[in-house]
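Enquirer: Whatever this is, show me its structure:
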Amino acid sequence: MTRLPTNLHRLAAIACLLAAASAPARAADAALQVLHWWTSASERRAADVLARRLADEGIEWRDAAIPGGAGLGAAKVLRSRVLAQNAPEVNQIIGVSIREWAEMGLLLELDAVAANGQWANALFPTIHTLVRQRGHVVAAPLGIHRINTLHFNRAVFSRLGLAPPATWAEFEQIAPRLQAAGVQPLAQSSEPWQVATLFENLVLADGGAALYHELFVRHSVQALADPRLAQALLRLRGLKRWMGRPVQEQPWPELVRQLARGEAAMLVMGDWAKGELSDPRAGAADTDFGCITAPGTARYHLYSVDTLTMLAGDYQHSAAQATLARLIASPAVQAEYNLVKGSVTVRRDADPARMDICARQSWTAFGQAGAQQVPSLVHRMATDEASKDAIVAEVHRFFSNDEATPADAQRRLAAVFRALRSRTPQ
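Expert: Residues are numbered from 1 along each chain as shown. Sure, this is the predicted structure:
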């Protein structure tokens, strides 16, 4: 079993102290504080969907939104608040991190909610497995995001008589024409998580699901020598000429605005960008934009799953927490929330006719027999928080330093992988 980081051991110890020192039970407040990282316009609207539904049950949603792409800030705030014995009742904890928190006994078990809602039958098997730890349901799933999504401005492509690229070779063919027309071919930020999001798409395109798994799930040092990894690194470096000069650190909603204004033609980003493009304040309607799978990844669904977890504490809020979990997985809330968020429902019994074409393709691809589902590294599905951070840092180092070679990056990643594997008993 993977050893927990030292700070998580401290959290586990504090959890025991909290349980022992709990104040006498009192009537539960009809309110839940929810810590999350949904701060863009569309994300706020999606959170408001949940807040309104919760209010209909007589429970107040007390918002604790923490800015920061990919939830980096929220993760730090949650740890500090647990250590300060001031933890919120509901938290956005996703992917492998769910297991870490569940192993410490900090998460409320939602078995009764899941049984009454028949989650075992209603949810996709991957989702049901994700929210269960040691036989107990410990998280409520909200929606599935497809990370390997290429968003494009239809007007720009139509004006220049171009088709969106299905491969990176096709991208290289149309990029010069876009640039000659005064349009930046690819919107991209230098933020580490955004660089790494592009990179994991490139690894999937050049190396396939098997190499991706060896690298980002198993941390195989041997896989780092694969020439397809070097190819993905070179492609990452080569794409810089089609980005802004210099590539600046920008929040992802700004990249979406560039796409909406026609300043950029394409954006590789999770389908939460689609939710932002449907916002009238972005400057255009969602019919002005299209999305296809990122070049070279049509066979795969590179996924991330939004989930909310409930901290156990002294259990005085457990009834309200269970109510929120029930609402989250209900068909009506699933449909409304995911329409706004840009994601797709976690339920197998949804009606695809009510989805837009991008959502329909994502939902169908995730659920089809033999689907090649691939867990996102950057968005915590493939590995734990510390491992993800270390890998992302090395990818960003290579991207930022034009003097670095793929061999340099491979050597540095090998050192990271050896350190990661040494802390895990074989």
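Enquirer: I'd guessed residue 64 sits against residue 36; true?
Expert: Yes - judged on C-beta atoms under 8 Å, residue 64 makes contact with residue 36 at a distance of 7.3 Å. C-beta coordinates here come from the backbone N, C-alpha and C atoms, glycine included.
Enquirer: So for the two, which residue has more residues nearby?
Expert: Higher neighbour count among residue 64 and residue 36: residue 36, with 23 against 18, using other C-beta atoms under 10 Å.
Enquirer: how near is the more buried one to residue 322?
Expert: 19 Å (C-beta to C-beta, to the nearest Å).
Enquirer: for the closest residue to residue 341 other than its chain neighbours, helix, strand, or coil?
Expert: Distance criterion C-beta to C-beta, 6 or more residues apart in numbering; nearest residue to residue 341, sequence neighbours excluded, is residue 46 at 4.0 Å. The three-state assignment at residue 46 reads helix, by DSSP: H, G, I helix; E, B strand; the rest coil.
Enquirer: roughly how far apart are residue 31 and residue 278?
Expert: Taking C-beta to C-beta, one finds residue 31 at 30 Å from residue 278.
Enquirer: quick one, longest helix in this structure?
Expert: helix 192-216 (DSSP state H).
Enquirer: Next, the angle helix 192-216 makes with the helix or strand just after it.
Expert: For helix 192-216, the succeeding helix or strand toward the C-terminus, using DSSP states H and E, is helix 227-238. In terms of direction (axes from the mean of the first three to the mean of the last three C-alpha atoms, to 10 degrees), helix 227-238 departs from helix 192-216 by 170 degrees.
Enquirer: which regions of the stretch 151-300 of the chain sit below the pLDDT cut-off?
Expert: Filtered on pLDDT under 70, the stretch 151-300 of the chain yields the residue ranges 279-287.
Enquirer: what residues are up against residue 296?
Expert: Listed by C-beta atoms under 8 Å, 6 or more residues apart in numbering, the contact partners of residue 296 are 166, 167, 168, 204, 205, 206.
Enquirer: now, which of these sits nearest residue 143?
Expert: residue 204 (21.0 Å; C-beta to C-beta).
Enquirer: so the closest one makes contact with residue 298?
Expert: No - look at residue 204 against residue 298 with C-beta under 8 Å: they stay out of range, at 10.6 Å.
Enquirer: Give the PyMOL command for selecting the buried subset of the contacts of residue 296.
Expert: Restricted to buried positions by 16 or more other C-beta atoms under 10 Å, the PyMOL selection for the contacts of residue 296 reads:
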select buried, resi 166+168+204+205+206
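Enquirer: and the contacts of residue 296 as TSV, adding distance to residue 55?
Expert: TSV is the format used below for the contacts of residue 296 (distance: C-beta to C-beta, whole Å):
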residue	distance to residue 55
166	45
167	48
168	47
204	41
205	44
206	48
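Enquirer: The longest helix of the chain - contacts with which helices or strands?
Expert: Counting contacts by 3 or more C-beta pairs under 8 Å, 6 or more residues apart in numbering; DSSP states H and E, helix 192-216 packs against helix 227-238, strand 264-268, strand 300-310, strand 372-375, helix 385-400.
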